[in-house]
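# need a structure here:
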Amino acid sequence: MSHIPPLDPNVAAQKGFRESEERIKRFWKAAGVEARDGGWIVLLDGRAPKTPAGNAIVLPTETAAGLVAEEWNDQGEHLLPATMPATRLASTAIDRVSQTRGPVAEEIARYAGSDVLCYLAETPSGLIERQQAEWGPWRDWAARELGVELQPVEGIIHRPQAPQALARVEALALEMDDFALTGLATAVPLFGSAVLGLAVQRGALSGETALDLSRLDEAFTEERWGVDEEAAARTAAHRAEAALLQRWFEALR
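This next block holds a predicted model:
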């Protein structure tokens, strides 16, 4: 499972998405939303943009549709798909996740089987203490609030988790609608943790805090040896993605 998949570079209100490297010049003045088809549709000057599969972009809440419309309104002279993560999430939910809910939920459960919160360092002591202090409460939260009991282990050797815990994660994923499930399927690999993904989806954690928890090891190393430019850029991109996912989940509630 990957992070938010790329949006096709050619998006047009009536023509849908086309496979081309041609840059699309902005052809609309304003994006808005309208109640339609049992949800909220995104409109560009009254016309509905399409997903890559040619479906209308209809979302379950006005706030979620507004988040997508905001991205269209924020475009400059040319359409830049890389700046439209909510549009990509919506398109993925409509075109892909709606057709593959079972496999997506299974993949999320597999992440729980090797959740980053369960793999504690053997050294140094400072990192061990930080992991115990910051990860332990979220394993406890998962057991208490979700019914997902995951066991920690020291070192990097894989330790299978109880089948009932993984089944519970899968069941929780399948309870979600296509849009929340798409967000979770993006958050879990970003954090390397089903627990952190579920915590953000439920509003128990902010996206950025979840990212910080997921990279405790990396941050510990950076504090001692510094951060290079490439690593800093990668972390900044992940932080922006985590913040967007938080907004996505909030918009769906």
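# how does this structure divide up, domain by domain?
10-95, 99-252 (automatic domain parsing).
# report the beta-bridge partners for the residue nearest to residue 73 when sequence neighbours are not counted.
Distances taken as CB to CB, 6 or more residues apart in numbering place residue 31 nearest to residue 73, at 4.8 Å, with adjacent residues excluded. Every residue, glycine included, has its C-beta placed from N, CA and C. Here residue 31 sits in beta bridges with residue 44, as judged by DSSP bridges.
# ok, residue 31 - contacts?
The contact partners of residue 31, by CB atoms under 8 Å, 6 or more residues apart in numbering, come to 42, 43, 44, 69, 70, 72, 73.
# re earlier: need the domains of the chain in CSV with mean pLDDT, can you?
Conversion of the domains of the chain to CSV gives the following (pLDDT from 0 to 100):
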stretch, mean pLDDT
domain 10-95, 87
domain 99-252, 97
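# okay, the residue nearest to residue 73 and residue 66: tell me how far apart.
Noted for residue 31: a distance of 9 Å to residue 66, by CB to CB, to the nearest Å.
# let me know the closest of the contacts of residue 31 to residue 234.
Minimum distance to residue 234 across those is 25.4 Å, recorded for residue 70 (CB to CB).
# and the closest one, what does it touch?
Residues near residue 70 by CB under 8 Å, 6+ apart: 31, 86.
# please, which helix or strand holds it?
For residue 70, the host element (DSSP states H and E) is helix 62-73.
# for that helix, buried residues please.
Judged by neighbour count (16 or more other CB atoms under 10 Å), helix 62-73 contains these buried residues: 63, 64, 65, 66, 67, 68, 69, 70, 71, 72.
# tabulate the CA atom coordinates of it in CSV.
Output in CSV follows, covering the C-alpha atoms of helix 62-73 (Å, rounded to 0.1, in the frame of the first residue of the first chain):
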residue,chain,number,x,y,z
GLU,A,62,-20.3,19.4,2.8
THR,A,63,-17.0,20.1,4.7
ALA,A,64,-15.2,17.3,2.8
ALA,A,65,-16.5,18.6,-0.6
GLY,A,66,-15.4,22.0,0.5
LEU,A,67,-11.9,20.8,1.2
VAL,A,68,-11.6,19.5,-2.3
ALA,A,69,-13.1,22.6,-3.8
GLU,A,70,-10.6,24.7,-1.8
GLU,A,71,-7.8,22.9,-3.7
TRP,A,72,-9.3,23.9,-7.0
ASN,A,73,-9.8,27.5,-5.9
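# sounds good, over and out.
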